[in-house]
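> sequence and computational prediction follow.
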Amino acid sequence: MEEKAVKISVLILLFLNGMLDWKKGEISLISLYSFGVLGAIWNLKFGFQDLGELCGGIGLGIGLLAVAFFSREAIGFGDGLLFCVTGIYLGFWGNLRLLLTGTLCCALIQAVGLLFRRVRMKDRVPLVPFLLLAFVGGGFL
């Protein structure tokens with residue numbers, strides 16, 4: 001039961017922020033805070049991850065925050081915070097899988113857009129919709 005609730009929570013989080021990122025280029029800090037607190041409480045109550053997986057999942061998000069800082073937001077701070085929250089639910093390996101499959105989806109679709117001259121190299125690309133696509137299509141559910 002907890003596993004389905006965890007996956008549905010991540011799906012809702014990615015859907016809400018994916019739509020917002022697509023339309024406005026931003027991520028809702030309120031949703032990140034709410035889902036982060038909910039995930040932490042669930043993890044304390046049900047213990048669906050051990051402490052190492054939990055810290056590793058959050059650590060991946062912290063690493064992305066460092067990349068955002070040092071690269072002058074080549075990847076946004078909101079994306080790093082989002083991965084901190086998804087790390088609470090998915091742990092290190094699930095979060096890493098989400099990052100890799102999401103960026104691969106983004107790269108493939110952007111490459112097609114470049115070929116057909118629909119996007120340019122300097123265009124900002126919202127990442128969260130591709131994370132949602134990877135989550136749904138990548139066998140997470």
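Received it, and whenever you're ready, just let me know what you need.
> how far does stretch 11-28 sit from the chain's center?
10 Å (CA atoms, centre = their mean, to the nearest Å).
> for that stretch, which positions count as buried?
Leu13, Leu14, Leu16, Asn17, Gly18, Leu20, Asp21, Ile27, Ser28 (16 or more other CB atoms under 10 Å). From N, CA and C alone the C-beta is placed, and that goes for glycine too.
> got it, and stretch 99-113?
Those would be Leu99, Thr101, Gly102, Cys105, Cys106, Ile109, Gln110, for stretch 99-113 by 16+ other CB under 10 Å.
> pLDDT on that stretch, on average?
For stretch 99-113, mean pLDDT rounds to 92.
> keeping just the C-alphas, turn that stretch into PDB.
C-alpha atoms of stretch 99-113 as PDB (Å, rounded to 0.1, in the frame of the first residue of the first chain):
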ATOM      1  CA  LEU A  99      17.200  12.100 -13.300                       C
ATOM      2  CA  LEU A 100      18.900  10.000 -16.000                       C
ATOM      3  CA  THR A 101      15.700   9.000 -17.900                       C
ATOM      4  CA  GLY A 102      14.200  12.500 -17.600                       C
ATOM      5  CA  THR A 103      17.300  14.200 -19.000                       C
ATOM      6  CA  LEU A 104      17.600  11.500 -21.800                       C
ATOM      7  CA  CYS A 105      13.900  12.200 -22.800                       C
ATOM      8  CA  CYS A 106      14.700  15.900 -22.700                       C
ATOM      9  CA  ALA A 107      17.800  15.500 -24.900                       C
ATOM     10  CA  LEU A 108      16.100  13.300 -27.400                       C
ATOM     11  CA  ILE A 109      13.100  15.600 -27.900                       C
ATOM     12  CA  GLN A 110      15.300  18.700 -28.000                       C
ATOM     13  CA  ALA A 111      17.500  17.000 -30.600                       C
ATOM     14  CA  VAL A 112      14.400  16.400 -32.800                       C
ATOM     15  CA  GLY A 113      13.400  20.100 -32.200                       C
END
